[in-house]
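*Asks:* Have a look; sequence and predicted model below, questions after that.
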Amino acid sequence: MLLHLHTRADGDGVVILSGSGEVSERPATAWLPEIGEAYAAKYAAAMEAYGMGLEAIAEKFHVVIEVVPTRLQAW
């Protein structure tokens with residue numbers, strides 16, 4: 001699997017991770033104790049724009065894909 005991420009606000013920085021991925025047996029709400037604080041900090045503006053809090057987003061977008069990277073490319 002390949003995962004492409006923008007690393008800069010202007011969209012110019014790119015990171016590509018390759019490796020394996022699978023759908024987590026745990027729904028997004030089960031991940032909140034581990035990643036909720038960081039997710040909320042990063043996506044605060046988006047959550048406000050959606051008019052949804054963290055719990056509501058985790059319930060609506062409940063599928064989590066766990067990625068185990070084996071290679072990284074960045075520029």
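*Replies:* Sure thing, it's come through.
*Asks:* Quick one: the strands in this protein, in order.
*Replies:* 2-6, 14-23, 65-74 (DSSP state E).
*Asks:* Tell me which strands the first one pairs with, and in which orientation.
*Replies:* When pairs are called by DSSP bridges, strand 2-6 turns out to pair with strand 14-23 (antiparallel).
*Asks:* isn't F61 right up against T29?
*Replies:* No: in this structure F61 lies outside contact range of T29 using Cβ atoms under 8 Å: 10.3 Å. In short, each C-beta sits where N, CA and C put it, glycine included.
*Asks:* ok, those two, which is more surrounded?
*Replies:* T29 (15 against 11; other Cβ atoms under 10 Å).
*Asks:* list the contacts for the more buried one?
*Replies:* With contacts defined as Cβ atoms under 8 Å, 6 or more residues apart in numbering, the neighbours of T29 are E55, A58, E59, H62.
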